[in-house]
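Student: give me a model of this one.
(2 chains)
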2 protein chains.
Amino acid sequence: MTANSPMGAPRCDRTAAWSALQGHFEAHGRDLDLREAFTRDPARFAHLSLEAPEVFADLSKNRWDLATQRFLLELARECRLEARRDALLAGARINATEGRAVLHTALRAPRGAGPLSDEVHAVLDAFLAFADQVRASAGAPYTDIVNIGIGGSDLGPQMAVPALEPYLHRGLRYHFVSNVDGSDITAVLRGLKPQHTLFIIASKTFTTQETMANAHAARAWFDAGMPAGADRAKHFIGVTTNLKAAAEFGITTTFGFWDWVGGRYSLWSAIGLPIAIAVGSEHFRAMLAGAHAMDRHFAEAPLEKNLPVQLGLLDVWYRNFHGFGSRSVAPYHQGLKRFAAYLQQLEMESNGKCVDMDGQAVPFGTSPVVWGEAGTNGQHAYFQMLHQGTDVIPVEFIAVKRAAHDLPDQQTKLLANCLAQSQALMLGKTAAAAATEMAPTASPDFDRARLAQHRSFPGNRPSTTLVLEALTPRSLGALIALYEHRVFVSGALWGINSFDQWGVELGKALCNALLPRMDSRDVSGLDGSTAGLLQRLTS
Amino acid sequence: MTANSPMGAPRCDRTAAWSALQGHFEAHGRDLDLREAFTRDPARFAHLSLEAPEVFADLSKNRWDLATQRFLLELARECRLEARRDALLAGARINATEGRAVLHTALRAPRGAGPLSDEVHAVLDAFLAFADQVRASAGAPYTDIVNIGIGGSDLGPQMAVPALEPYLHRGLRYHFVSNVDGSDITAVLRGLKPQHTLFIIASKTFTTQETMANAHAARAWFDAGMPAGADRAKHFIGVTTNLKAAAEFGITTTFGFWDWVGGRYSLWSAIGLPIAIAVGSEHFRAMLAGAHAMDRHFAEAPLEKNLPVQLGLLDVWYRNFHGFGSRSVAPYHQGLKRFAAYLQQLEMESNGKCVDMDGQAVPFGTSPVVWGEAGTNGQHAYFQMLHQGTDVIPVEFIAVKRAAHDLPDQQTKLLANCLAQSQALMLGKTAAAAATEMAPTASPDFDRARLAQHRSFPGNRPSTTLVLEALTPRSLGALIALYEHRVFVSGALWGINSFDQWGVELGKALCNALLPRMDSRDVSGLDGSTAGLLQRLTS
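Tutor: Below is the predicted model of the structure:
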């Protein structure tokens, strides 16, 4: 316990509960067989499933049990998780390395209810009014909205807009430009008309290399395509805290946010403007309300019924005891096709750290790799490995009960597939069972007993299933907030700062040092590989 | 060595070279420091980089050296890799569990040059002529091409069409429907006109659940939007081996392929039709020629200069000696935004296996998790974890020297970022160095020495950089073929069958068993979790 340890709380591995968990893992955890566990406890599903706002979670197909949960809750208590959660929500400067509060929850609190409510709601009202105004004017002048931003200024809107496809304004098209690669903006601008295009330049500092390069390319394209004297300020708006730089760029309409909004937690702020334009202020407020409902659940539910807490504890159990290095996310909804990409930033940028708050190297794993594609697509790609690969990879299924389309038969098939996959991962199939079946594509020349081995499945592979009643602005908001808090929970136990990102600085600095060399071709002092590549790429 | 061991070759772990590699790893591999290695050997870049058709590879920032390569080559020889490669290319039935040859290389051999050339070129000529005919008629009747397929009948075209964006016919739009989730096709059809839409129904068997559900939805949509008696056969074509089922569906134009074309190796066949329509027959043939050039390299280059072989050996070294569980792919080109998703099927479905050809459980890791997004986007999402996370994750950069757009400044920035990232991963930064720098966003209240720890980077993190001169149909073909052969190499050493996919069968069977229960709500005999979820999802 040192000055920087949050609230004097110990790091997870320096607790009595950690040692107890190690013993429990050796005795009951490593070899827990899910099939036997369901037989032993007919109420296992009831015991290990949870209701939270908008999200029901079945945690029973995971390799833990009520005893594991008790040990993990003890760990949470020793690490003073509740007090630290309260500090987060109260706006303490828990991002200590940067001396900042972490208040994305304030962005979705009702008017008058959270910290900084006046400022938050003033900006919210302003950008939602603007969004509704753009919607009302669809077709004249605007037909196309182009968001230019990267990372946290891109991934949230890019994920949420397709997720809310049934709610989109049909008179507008939505585009996202992020990559500094000129092919990105070139492909988007091809076919657009400057007089009908609204560019949103989203950059907290208004200095992000990629975003500024693309903003300048967009401005040049606009100027080239419009008569002299055209009102450019009607076609470029800014979401930034740097009003001065935006004004110098020629932007007069800006919406701000604050240093206590991290990029990867910013879609609730004016960074969400493309979402607000796409679905309208009412639906945007519903998304905020869904997130706020999850915030209240996180703040108030007892730890044993607190879904973000339980998921965060499971993450620690899997990463640090079972040793699983990745988690696959499988949203069974095509609208969530970019959800895993969004979570990659949320989780891996938050918890991909190797020193604790005190600056000491942690002797355990932190963020796993998070990856996945929408189901059922993943089944026809990498699910082979999930079922029969050599590594155990926990899968997180997201099922949505009610569809927004009128193809009920396809919805039934979708849900049956989702259930069947978690069932198959758990049940597996013995070689003896495989030997009794016909396999139409099997070679008659291949030894039958050996073939049965190829067609057997180890099973006992864990998964979580989250269930939404429908994919709506409200449930999407709750779902994202659930993941945000879960990442806080594991990060808090690991004793790391989930809210800085020093790991992106070195690459930026080295890029700036390399840029003049790309012209001069000076490779002096560079390592042999970087020198050789630079010469090849600039020859 | 048993009957099913390919050509009597031993599995990798039963060779003398494997034991030698274990000793080498303990003595020189585990602790190899890349920074020292470059200092020790000024010619390291020259020694550990390779030219292959269309692709230059810098392998020098990997945690191996010439001694490691020698041991790995010895392993390849003991496992009779050359003979097995020759068997692959000659059309031996190396997919033994299904008794099939594996001849995607025949699809790109010049006329008269490969096995089965007459059949291959007859179909190729036919579907390319059709593609050019569709292109010539762009606008009347066709404006929109909708490919309906999943897995191998989707991922190849869906990846290649944006990759070749500068080559696309501008009079047509390209859509991909794959998911059985009705939101997928509903979102695509919204805004299309049946009289201007061409549907390609791509399914080897014409029985794939997802594809058939979507095909029927498309047909119903077409029939509802067109006058009675409209010529539906002009708007639906099939890519399938099941002509009878396609005819029953109402399709008269079909292009076939063969059981020796695996789904994940099929974009070279008529499955590539959407690509051919998008870029035209000439560019499609260039893509085949690029792949064929890589095939010749794989067939002919000595193992020590053979790029797919070297990459496959590196994969084995990383997976089985260093124990790395995933590999991140970072294509620095926005057109390759779906390349990692494509590779997920190619690699994880091919090599995500846990029994060898003999049906014995393998005691080592096989396919790692392959994941990633386009650079520079990834830098603003998960690169934090690559730099400062607790796990070492090898990164594979793909740099493209010449851009197809006219934003040269952005191209320079893109390439400088790519170089800077591999440099940063390797070089790292000590806390002492961090302590000498200003960090503008650092908290003045946070202990300076501790902050330097937060801002330090372990370094010595490995990466490969592949360089293409430009992203063209030819280079894309070569790049994909490079990955195909690399997967073959590691799979061959591991002794598994890279060409079957029994691991997808169980989920299909359980889905079929669950489907009637979704109506009846009968949960008898189900595990408690599946029963509970089914009840909730059908209530």
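Student: what about the helices in the stretch 351-500 of chain A?
Tutor: A:383-388, A:408-427, A:431-435, A:448-454, A:473-494 (DSSP state H, counting those that start in this stretch).
Student: want to try TSV for the ones you listed, with distance to chain B and mean neighbour count as columns?
Tutor: C-beta coordinates here come from the backbone N, C-alpha and C atoms, glycine included. As requested, these are exported to TSV (distance: least, Cβ to the nearest Cβ, whole Å; neighbours: other Cβ atoms under 10 Å in any protein chain shown):
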stretch	distance to chain B	mean neighbour count
helix A:383-388	2	27
helix A:408-427	4	24
helix A:431-435	8	15
helix A:448-454	3	19
helix A:473-494	9	25
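Student: and those as CSV, adding mean pLDDT?
Tutor: Shown next, in CSV, are these (pLDDT from 0 to 100):
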stretch, mean pLDDT
helix A:383-388, 98
helix A:408-427, 98
helix A:431-435, 96
helix A:448-454, 95
helix A:473-494, 98
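Student: now do the buried residues in stretch A:255-272.
Tutor: By neighbour count on 16 or more other Cβ atoms under 10 Å in any protein chain shown, the buried set for stretch A:255-272 is A:255-258, A:260-272.
Student: select, out of the helices of the stretch 351-500 of chain A, the one closest to residue A:228.
Tutor: Distance to residue A:228, taken as Cβ to Cβ, is lowest for helix A:473-494 among these, at 42.1 Å.
Student: so which elements touch that closest one?
Tutor: Secondary-structure packing of helix A:473-494 (3 or more Cβ pairs under 8 Å, 6 or more residues apart in numbering or on different chains; DSSP states H and E): strand A:55-58, helix A:66-78, helix A:81-90, helix A:281-300, helix A:307-316, helix A:350-351, strand A:463-470.
Student: if we use 7 Å, what do you get?
Tutor: Here helix A:473-494 touches strand A:55-58, helix A:81-90, helix A:281-300, helix A:307-316, helix A:350-351, strand A:463-470, going by 3 or more Cβ pairs under 7 Å, 6 or more residues apart in numbering or on different chains; DSSP states H and E.
Student: returning to what we had before: tell me which of the helices of the stretch 351-500 of chain A sits nearest to residue B:140.
Tutor: Closest to residue B:140 of the helices of the stretch 351-500 of chain A is helix A:408-427 (Cβ to Cβ; 31.9 Å).
Student: got the contact list for that closest one?
Tutor: Helix A:408-427 is contacted from outside by A:34-35, A:61, A:332, A:375-376, A:379, A:383, A:386-387, A:395, A:397, A:399, A:403, A:457, A:459-461, A:463, A:465, B:180-182, B:209, B:213, B:217, B:506-507, B:510-511, B:514-515, B:518, B:530, B:533-534, B:537, using Cβ atoms under 7 Å, 6 or more residues apart in numbering or on different chains.
Student: so which of the helices of the stretch 351-500 of chain A is nearest residue B:94?
Tutor: helix A:448-454 (14.3 Å).
Student: before we move on, the earlier item: okay, the helices and strands packed on helix A:473-494 in a markdown table with mean neighbour count and mean pLDDT next?
Tutor: Output for the helices and strands packed on helix A:473-494, formatted as a markdown table (neighbours: other Cβ atoms under 10 Å in any protein chain shown; pLDDT from 0 to 100):
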| stretch | mean neighbour count | mean pLDDT |
| --- | --- | --- |
| strand A:55-58 | 22 | 98 |
| helix A:81-90 | 18 | 97 |
| helix A:281-300 | 21 | 98 |
| helix A:307-316 | 25 | 98 |
| helix A:350-351 | 26 | 98 |
| strand A:463-470 | 21 | 98 |
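Student: can I get the helices of the stretch 351-500 of chain A in CSV with distance to residue A:146?
Tutor: Putting the helices of the stretch 351-500 of chain A into CSV (distance: least, Cβ to Cβ, whole Å) gives the following:
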stretch, distance to residue A:146
helix A:383-388, 36
helix A:408-427, 32
helix A:431-435, 53
helix A:448-454, 50
helix A:473-494, 22
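Student: ok so, going back, any chance of CSV for the helices and strands packed on helix A:473-494, columns distance to chain B?
Tutor: Listed next are these as CSV, based on distance: least, Cβ to the nearest Cβ, whole Å:
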stretch, distance to chain B
strand A:55-58, 6
helix A:81-90, 16
helix A:281-300, 17
helix A:307-316, 13
helix A:350-351, 8
strand A:463-470, 6
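Student: a markdown table for those, including distance to residue A:413?
Tutor: A markdown table is the format used below for these (distance: least, Cβ to Cβ, whole Å):
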| stretch | distance to residue A:413 |
| --- | --- |
| strand A:55-58 | 20 |
| helix A:81-90 | 40 |
| helix A:281-300 | 28 |
| helix A:307-316 | 28 |
| helix A:350-351 | 36 |
| strand A:463-470 | 17 |
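Student: the ones you listed: which one's closest to residue B:44?
Tutor: helix A:350-351 (34.3 Å).
Student: residues contacting that closest one, please?
Tutor: For helix A:350-351, contacts defined as Cβ under 7 Å, 6+ apart pick out A:264, A:366, A:367, A:487, A:490, A:491, A:494, A:496, A:498.
Student: again with stretch A:467-480
Tutor: Outside stretch A:467-480, the residues that touch it by Cβ under 7 Å, 6+ apart are A:53-56, A:160, A:163-164, A:167, A:279, A:283-284, A:286-291, A:293-294, A:333, A:335, A:399-402, B:536-537.
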